[in-house]
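Novice: Sequence first, predicted model second:
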Amino acid sequence: MSYVIGVDLGTSAVKVLLVNQNGEVVKEASAEYPVMHEKSGYSEQHPEDWVKGTFQALQAVTSHLKEGEKVEGISFAGQMHGLVMVDESGEVIRPAILWNDTRTTAECQEIVETVGQKRLLHLTKNPALEGFTLPKIIWVKKHEPQNWERLHQFMLPKDYVRYRMTGKMAMDLSDAAGTLLLDVEHGVWSKEMLDAFTIEETQCPQLLKSVDEAGEIMPEVARETGLQPDTKVFAGGADNACGAIGSGVLKEGMSMCSIGTSGVILSYENRGNLDFNGKVHYFNHGVPNAYYTMGVTLAAGDSLAWYKKNFGGELSFDELIKEAALTPPGAEGLLFTPYISGERTPHADAYIRGSFTGMDQRHTRGHFTRAVIEGVTFSLNESLTIFRENGKKIDRIVSIGGGAKSDFWLQLQADIFNAEVVKLNSEQGPGMGAAMLASVGSGWFGSLEQCSAVFLKEERTYKPQNNEYYKSLFSIYQQVYNQTKQLSRLLADIREREIE
Ligand SMILES: Nc1ncnc2c1ncn2[C@@H]1O[C@H](COP(=O)(O)OP(=O)(O)O)[C@@H](O)[C@H]1O
Ligand SMILES: O=C(CO)[C@@H](O)[C@H](O)COP(=O)(O)O
């Protein structure tokens, strides 16, 4: 029997899937790692934790292989935008600065002042947002010149893990799109952007397509992970691009919702030369010559994880959600906004912070849990609303990520989105998408479409039931941002004050 492996280097954990030729996940393993928040708005991880976790999880799945069985190909999906800096000898220079780190508001302003908003959108298709990679590079240049001096190349998270397996530095187009240095339409590094910020092209890795081969597994890595040295390694892609592949979002008209640490509403685009005026992210797909647009909630699953850690006691996600399901829709007047790390879509605002509004004597933990889940889903509905207001017809959404483990949350998505929500045989879209890239690269299928016909199976569809009720609540939710914006600004000073 032959297999492929999909690695999803998420923010909360790395998840590794061993997949057979029928697209069945025969073994999966994961390893968690911490996120460090040294200051408000800061979010960092140690790349070594990713490598250790990935190797452990790989060992756990390969130990399942029987005599004569073989992993033919491996590929990667990864949390996007995170800045990994390596020196000439390939050593990591400082911890990675992640996608949900929002320290770079000043650098975003600098980018707009230097290039001009119109030109920036023309060149990169995207606005300057704190989470993207270029502002992080400028921040390091400015605040840590000693680290900048040492930079040989920068990479994104999954590229670093792949580099540690193959010894080759590379980046695929779908992930490079989130750096703000790529000419997204033409799929090349933008010389104008590089020159504007005096970054050498040699400091940017070689660009590959997601399906391209990206080196061979080094012998010592083969020993440590249980992979054979002749296992083919494919470039892979951004977790959302791979999530789209693993959701079957492979043609115009198809959409996905992902609730991982972040939350995403994503829609397929055939063309790379449309103008969304920076309202949504516009990136290269993992499908060759295709694109996608998406809106991002910074703390989607992360809001629930934060809430569980601080207020959930010993309860599991399932147990907490069981309590929430006993409370009525709307949590009897309790509203949550998920801005615990600031926000991206539709409010690109690093200073905004979350809120519970409407707390009442009668409210219990179940109400709070429901409010968190509803608030996150309202936030995603704001992205969906942008798409619909721009003429997209979205009445069917494939849902993936940790949030899709919960039937309650899937039904709530259908109710709030007013669309059919589809759950697939695996909620692990990015890992499945990476496995699909490896299977096409290994020659099992002629295209990702052919692969999806075999690999992806719809398990259940959730139909909207309670949309009218949620519509009125959503209009109240939409007011909270403007009503709390000024308060959040005032509180920012207190958040940032050092404790003596
Ligand atoms: N049983 C569950 N029900 C609902 N949500 C869950 C469950 N388990 C995990 N989650 C949510 O999924 C999130 C993790 O999703 P995942 O896709 O693994 O994230 P990432 O790829 O960012 O590491 C958690 O933060 C949590 O909010
Ligand atoms: O920043 C973005 C997309 O622009 C995030 O979606 C990251 O890619 C992290 O993804 P998860 O860990 O939540 O899957």
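Specialist: Happy to help now that I have it. Ligands and ions are numbered 1, 2, ... in the order given.
Novice: C-alpha coordinates for stretch 8-17, CSV please?
Specialist: Provided in CSV are the C-alpha atoms of stretch 8-17 (Å, rounded to 0.1, in the frame of the first residue of the first chain):
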residue,chain,number,x,y,z
ASP,A,8,-0.5,21.2,8.6
LEU,A,9,1.7,23.6,10.6
GLY,A,10,-1.1,25.4,12.5
THR,A,11,-0.8,28.0,15.2
SER,A,12,-2.0,25.9,18.0
ALA,A,13,-0.4,22.6,16.8
VAL,A,14,1.1,20.7,13.9
LYS,A,15,-1.2,18.0,12.6
VAL,A,16,0.1,15.2,10.4
LEU,A,17,-2.2,13.0,8.3
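Novice: can you tell me if that stretch touches ligand 1.
Specialist: Yes. Judged by Cβ under 6 Å from any ligand atom, stretch 8-17 comes into contact with ligand 1 at Gly10, Thr11, Ser12, Ala13. All C-beta spots, glycine's among them, are computed from the backbone N, C-alpha and C.
Novice: So the last one sits against Gly53, correct?
Specialist: Yes. Look at Ala13 against Gly53 with Cβ atoms under 8 Å: they come within range, at 7.1 Å.
Novice: Quickly list what's touching both of these two.
Specialist: Ser30, Ala31, Glu32, Tyr33 (Cβ atoms under 8 Å, 6 or more residues apart in numbering).
Novice: In helices, which of those residues appear?
Specialist: If you go by DSSP state H, these have nothing in helices.
Novice: Pull out the buried residues from those residues.
Specialist: Ser30, Ala31, Tyr33 (16 or more other Cβ atoms under 10 Å).
Novice: partners of the first one in the sheet?
Specialist: It stands for Ser30. Lys15 (DSSP bridges).
Novice: Pull the contacting residues for it.
Specialist: Ala13, Val14, Lys15, Val16, Gly53, Ala57.
Novice: now do the last one
Specialist: Under the criterion of Cβ under 8 Å, 6+ apart, the contact partners of Tyr33 comprise Ala13, Val14, Gln45, His46, Asp49, Trp50, Lys52, Gly53.
Novice: Among those, which one sits closest to ligand 2?
Specialist: Ala13 (9.1 Å; Cβ to the nearest ligand atom).
Novice: need the contact list for the closest one.
Specialist: Ser30, Ala31, Glu32, Tyr33, Gly53.
Novice: just Val211 next, same as before
Specialist: Counting by Cβ under 8 Å, 6+ apart, Val211 has contacts Phe234, Ala235, Gly286, Pro288, Leu437, Val440, Gly441.
Novice: Poorly predicted segments of this protein, please.
Specialist: 497-500 (pLDDT under 70).
Novice: Which positions in it make contact with ligand 2?
Specialist: Near ligand 2, when you scan the chain using Cβ under 6 Å from any ligand atom, you find 10-11, 79-81, 99, 131, 178, 239-240, 260-262, 264, 281, 296.
Novice: quick one: which of the residues you listed is most hemmed in?
Specialist: Asp239 (34 neighbours; other Cβ atoms under 10 Å).
Novice: Was I right to think that one contacts Asp8?
Specialist: Yes. At 6.4 Å, Asp239 counts as touching Asp8 under the criterion of Cβ under 8 Å.
Novice: picking that back up, for the contacts of Ala13, could you give me a markdown table that also reports distance to Lys471?
Specialist: Formatted as a markdown table, those follow (distance: Cβ to Cβ, whole Å):
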| residue | distance to Lys471 |
| --- | --- |
| Ser30 | 37 |
| Ala31 | 41 |
| Glu32 | 38 |
| Tyr33 | 40 |
| Gly53 | 42 |
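Novice: For ChimeraX, what selects the buried ones among the contacts of Tyr33?
Specialist: Remark: buried members of those, expressed as a ChimeraX selection using 16+ other Cβ under 10 Å:
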select :13,14,45,49,50,53
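Novice: Could you work out the most separated pair of the contacts of Tyr33?
Specialist: Ala13 and His46 (14.2 Å; Cβ to Cβ).
Novice: re the thing from before, closest one to ligand 1 out of the contacts of Val211, please.
Specialist: Among the contacts of Val211, and counting by Cβ to the nearest ligand atom, the member closest to ligand 1 is Gly286, at 16.1 Å.
Novice: Distance check, that closest one against Met432.
Specialist: 12 Å (Cβ to Cβ, to the nearest Å).
Novice: OK, now which residue of this structure is nearest to ligand 1?
Specialist: Closest point on the chain to ligand 1, by Cβ to the nearest ligand atom, is Gly402, at 1.9 Å.
Novice: what residues are up against that residue?
Specialist: Per Cβ under 8 Å, 6+ apart, neighbours of Gly402: Ser12, Ile259, Gly260, Gly301, Phe317, Glu427.
Novice: And Ser383, by the same measure?
Specialist: Val264, Ile265, Val280, Met294, Gly295, Val296, Thr297, Thr345, Pro346.
Novice: Repeat that for Cys242.
Specialist: Contacts of Cys242 (Cβ under 8 Å, 6+ apart): 6, 8, 77, 174, 210, 236, 286, 429-434, 437.
Novice: Now rank those by neighbours and give me the top one.
Specialist: Of these, with other Cβ under 10 Å as the count, Ala434 tops at 40 neighbours.
Novice: mind checking the SS state of it?
Specialist: Secondary structure state of Ala434, per DSSP: H, G, I helix; E, B strand; the rest coil, is helix.
Novice: Let's verify the closest residue in space to it that isn't next to it in sequence: helix, strand, or coil?
Specialist: Leaving aside its chain neighbours, Ala434 sits nearest to Gly6 (3.5 Å; criterion: Cβ to Cβ, 6 or more residues apart in numbering). What three-state DSSP gives for Gly6 is strand.
Novice: For this structure, list the residue farthest from the centre, please.
Specialist: Gln361 (37.3 Å; Cα atoms, centre = their mean).
Novice: Can you tell me how far it is from Gly263?
Specialist: Distance from Gln361 to Gly263, by Cβ to Cβ: 31 Å.
Novice: who in the stretch 401-500 of the chain is up against ligand 1?
Specialist: Counting by Cβ under 6 Å from any ligand atom, the stretch 401-500 of the chain sits next to ligand 1 at Gly401, Gly402, Gly403, Lys405, Ser406, Trp409.
Novice: Apply 8 Å and report the result again.
Specialist: Within the stretch 401-500 of the chain, the residues that sit near ligand 1 (Cβ under 8 Å from any ligand atom) are Gly401, Gly402, Gly403, Ala404, Lys405, Ser406, Phe408, Trp409, Glu427, Gln428, Pro430.
Novice: And the chain, by the same measure?
Specialist: Selection of the chain residues close to ligand 1 by Cβ under 8 Å from any ligand atom yields 8, 10-13, 15, 30, 79, 239, 258-262, 300-305, 308, 316-318, 321, 400-406, 408-409, 427-428, 430.
Novice: out of these, which are inside strands?
Specialist: Asp8, Ala13, Lys15, Ser30, Ser258, Ile259, Ile400 (DSSP state E).
Novice: Name the nearest residue to Thr345, ignoring sequence neighbours.
Specialist: Gly295 (3.5 Å).
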